[in-house]
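J.: Would you be able to build a 3D model of this:
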Amino acid sequence: MSDDPHGVHDFVYDPRNADIKVSINGELKHRDEASVSVFESGYLLGDGVWEGLRVHKGGVAFLPEHFKRLYAGAKTIDMDIGLTPDELRQRLFDCLKAQGMTDGVHIRLMVTRGIKKTPYQGPRFTITKPTIVIIPEYKSPVPEVIEKGVSLFTAHVRRTGPAEQDQKLNSHSKLNCILACIQADKAGADEALMLDPDGFVATCNSTHFFIVRDGEVWTSPPDYCLGGITRGNIIRVCRENGIPVFEKRFSLFDVYSADEAFITGTFAGTTPVREVDGRVLASMNGPLTQRLSALYKDLIETNLTPIS
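T.: Purely as a prediction, here's the structure:
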């Protein structure tokens, strides 16, 4: 498989990343020395929750919304993070301030259940407080990816309902998405499009999916996808600017014949889709995709929590 940048998560090389420091339970470690125990619940079982955050112009974008999702996820898996939101925010800011990071930074904030006395699922075998890891990196999307758009491939792996694993939970257990991602990679695509149990479009393996038809913006209902922060903000700017937007079920029939399509996520914001399953869309980075991208960027500017 080629290492050439082609996906929405590819980023521009930045030599500063060679010397970043990672916060592990409040202690800063050089990336080459940052580690957790092999008995840690996240490593053993994928037992934890996480958030991706974006630093822009001295602030963190949509931080309250991300923290709300993080703490809701922790409560769902019955895990006490051990810090209040204010305390966690300060730990995050301390990590950034210690390295002078104020712009163009993407953060992976992870909270896993803690160290086990022996490898086993049961939380009662956990002998420490949760492990909180903060990884900040200088990351900007590759311009060529935005310019040429991305290709999607529909995976056979489906998104499940809450009876199997609630897709609202941003957990470390991502094997279903990884399998879909592998299938898309093997097919030569950039990202996997995933369907719900009935065959309607659900989401992508690591981003959310939107189509444009006859001036309307469509995205799937929230039943089978993560409650994406960027997804919600695209819906918000549509409603605030008189753009018809619908959370509705739709099939690949609607996708293949769409006027435009794009994907969303914290890292890249909005990224136009060029083709799906070999069907080239009518317009790549069409007028509505461009307008929504601009509106979303404007929204970021007014939703920054200053690093202090």
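J.: Please make it C-alpha for all contacts and neighbour counts, starting now.
T.: Noted.
J.: Hmm, residue 50 is touching residue 173, no?
T.: No. Between residue 50 and residue 173 no contact is recorded; they are 10.5 Å apart, counting by CA atoms under 8 Å.
J.: and those two? which has more neighbours close in?
T.: For residue 50 versus residue 173, neighbours defined as other CA atoms under 10 Å are more numerous around residue 50 (24 against 16).
J.: Distance from the helix or strand where that one lies to the middle of the chain?
T.: Residue 50 belongs to strand 48-56 when assigned by DSSP states H and E. Here strand 48-56 is found 8 Å from its chain centre; the criterion is CA atoms, centre = their mean, to the nearest Å.
J.: Can you tell me how far the closest residue to residue 21 other than its chain neighbours is from residue 216?
T.: Among residues not flanking residue 21 along the chain, residue 30 sits closest, at 4.4 Å (CA to CA, 6 or more residues apart in numbering). Per CA to CA, to the nearest Å, residue 30 is found 48 Å from residue 216.
J.: same check, this time on residue 151
T.: Here residue 151 is placed at a distance of 22 Å from residue 216 (CA to CA).
J.: try residue 258
T.: 10 Å.
J.: I'd say residue 159 and residue 225 touch.
T.: Yes. With contact defined as CA under 8 Å, residue 159 counts as touching residue 225 (7.4 Å).
J.: Quick check: neighbours shared by the two?
T.: 167, 202 (CA atoms under 8 Å, 6 or more residues apart in numbering).
J.: Let me know how buried the residue nearest to residue 21 is, in neighbour terms.
T.: Residue 30: 13 neighbours (other CA under 10 Å).
J.: correct me, but it touches residue 22?
T.: Yes. Assessed by CA under 8 Å, residue 30 is found in contact with residue 22 at 6.2 Å.
J.: Mind listing the shared neighbours of those two?
T.: Contacts common to residue 30 and residue 22, judged by CA under 8 Å, 6+ apart, are absent.
J.: Report the secondary structure state of the nearest residue to residue 53 once chain neighbours are set aside.
T.: Nearest residue to residue 53 in three dimensions, chain neighbours excluded: residue 107, at 4.9 Å (CA to CA, 6+ apart). Of the three states, residue 107 takes strand under DSSP: H, G, I helix; E, B strand; the rest coil.
J.: For residue 107, name its beta-bridge partners.
T.: residue 53, residue 136 (DSSP bridges).
J.: so it makes contact with residue 137?
T.: Yes. Contact status for residue 107 versus residue 137: in contact at 6.3 Å, counting by CA under 8 Å.
J.: okay, those two: which has more neighbours?
T.: Neighbours per residue (other CA under 10 Å) separate residue 107 from residue 137, with residue 137 holding more: 23 against 20.
J.: who does the worst-scoring helix or strand of the chain on mean pLDDT touch, helix- and strand-wise?
T.: Every helix and strand of the chain was ranked by mean pLDDT, DSSP states H and E. The lowest is helix 143-148, at a mean of 91. Under the contact definition 3 or more CA pairs under 8 Å, 6 or more residues apart in numbering; DSSP states H and E, helix 143-148 sits against strand 269-276.
J.: Not counting sequence-adjacent ones, nearest residue to residue 18?
T.: residue 31 (7.6 Å).
J.: per-residue confidence at residue 258?
T.: For residue 258, the model assigns a pLDDT of 98.
J.: any idea how far residue 225 is from it?
T.: With distances taken as CA to CA, residue 258 is found 21 Å from residue 225.
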